[in-house]
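Visitor: sequence first, then the predicted structure, then my questions.
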Amino acid sequence: GESVGLHLPTLSVQEGDNSIINCAYSNSASDYFIWYKQESGKGPQFIIDIRSNMDKRQGQRVTVLLNKTVKHLSLQIAATQPGDSAVYFCAETSGTYKYIFGTGTRLKVLA
Amino acid sequence: NAGVTQTPKFRVLKTGQSMTLLCAQDMNHEYMYWYRQDPGMGLRLIHYSVGEGTTAKGEVPDGYNVSRLKKQNFLLGLESAAPSQTSVYFCASSLDSGQPQHFGDGTRLSIL
C-alpha cells in the first residue's frame, strides 16, 4: 500500500457536508498556486489553480481562496462525496521551473 | 488520452545496481520534471528539462542523471542505487513555467 502520508493531518467530513482544506505558503513572491488531489497509489491530479491577481476562483464543486496578506490558500469542496477521499496538497511558484509543494492533508469522507 | 506515462510501476533493486526510469508525455509539453515523494515531505525536484536536449539540476540531484533526447521522453537514471533512494518517483510535464504540472502515476522503487 501507499506509505506516503502516514503522519499527515487528517480532516474527517460527513458525506454531503462541505470541506475546507488549508495551506500556508512560504514565498511572498509566488504568483501562481495549484491544488492537487492524490489518491492512494496514484499520481497527483490537478484540481484547480489561481493566480495572484485573483482572490477567488470556482470550479465544479471546488473553490480556491487566496489571501496574499497572510499567505494563505484554501480549497473548499462542496457536498463532499466518498470519491473525494484522498490527500490534498497545494503548490506555489513564482513563474519559474521551481514549484514548492506542501506535505498535504488527508481528507476522509464518512458515510 | 494517456497524458504522462511512467514505466515501470514497481521495481526492487539491490544496492549498487543501476536502472532507468522512463517517462513519456503526449501533450507536446516543453517542460518535464522528475520528483521523489517521501513520507512526511512534499515533492522534491530531482532534475528538470525546459525543452528537448536540455536538462538541469533540481533540489536533490545527487545520485541521479537524466536525459531528454526527444521532446516527449524524459529518462531518470540511477547509476549505483543506494537504500536512501528508496522512494516513489513521479514524472511531470507542463506546457511552460507557471502552468499546471501533469503527473504520471509514479514508480515505486525499493533499494535493498
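Guide: Everything's here; your move.
Visitor: for the record, mean pLDDT for stretch A:102-109?
Guide: The average pLDDT for stretch A:102-109 rounds to 94.
Visitor: cool, and stretch A:44-56?
Guide: 97.
Visitor: now it: buried residues?
Guide: A:44, A:47, A:48, A:49, A:50, A:52 (16 or more other Cβ atoms under 10 Å in any protein chain shown). Using the backbone N, CA and C atoms, a C-beta is placed for each residue, glycine as well.
Visitor: partners of the fifth one in the sheet?
Guide: In other words, residue A:50. Bridge pairing for residue A:50 (DSSP bridges) gives the partners residue A:33.
Visitor: measure residue B:93 to residue A:91 for me?
Guide: 15 Å (Cβ to Cβ, to the nearest Å).
Visitor: the two: who's more crowded?
Guide: residue B:93 (27 against 24; other Cβ atoms under 10 Å in any protein chain shown).
Visitor: what residues are bridge-paired with that one?
Guide: According to DSSP bridges, beta-bridge pairing links residue B:93 with residue B:32, residue B:102.
Visitor: pretty sure it sits against residue B:100.
Guide: No: Residue B:93 lies out of contact with residue B:100 (Cβ atoms under 8 Å); the separation is 9.9 Å.
Visitor: all strands for chain B, in order.
Guide: B:4-7, B:10-13, B:19-25, B:31-37, B:44-49, B:56-57, B:64-67, B:73-78, B:87-94, B:102-103, B:107-111 (DSSP state E).
Visitor: okay, the angle between the fifth one and strand B:87-94?
Guide: What that stands for is strand B:44-49. 40 degrees (axes from the mean of the first three to the mean of the last three Cα atoms, to 10 degrees).
Visitor: CA atoms only: put strand B:44-49 into PDB for me.
Guide: C-alpha atoms of strand B:44-49 as PDB (Å, rounded to 0.1, in the frame of the first residue of the first chain):
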ATOM      1  CA  ARG B  44      11.200  17.300  -4.100                       C
ATOM      2  CA  LEU B  45      12.600  18.100  -7.500                       C
ATOM      3  CA  ILE B  46      15.500  15.900  -8.700                       C
ATOM      4  CA  HIS B  47      16.100  17.200 -12.300                       C
ATOM      5  CA  TYR B  48      14.100  19.100 -14.800                       C
ATOM      6  CA  SER B  49      14.100  20.000 -18.500                       C
END
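Visitor: how far off centre is that strand?
Guide: Taking Cα atoms, centre = their mean, to the nearest Å, the mean C-alpha location of strand B:44-49 is offset from the chain mean by 7 Å.
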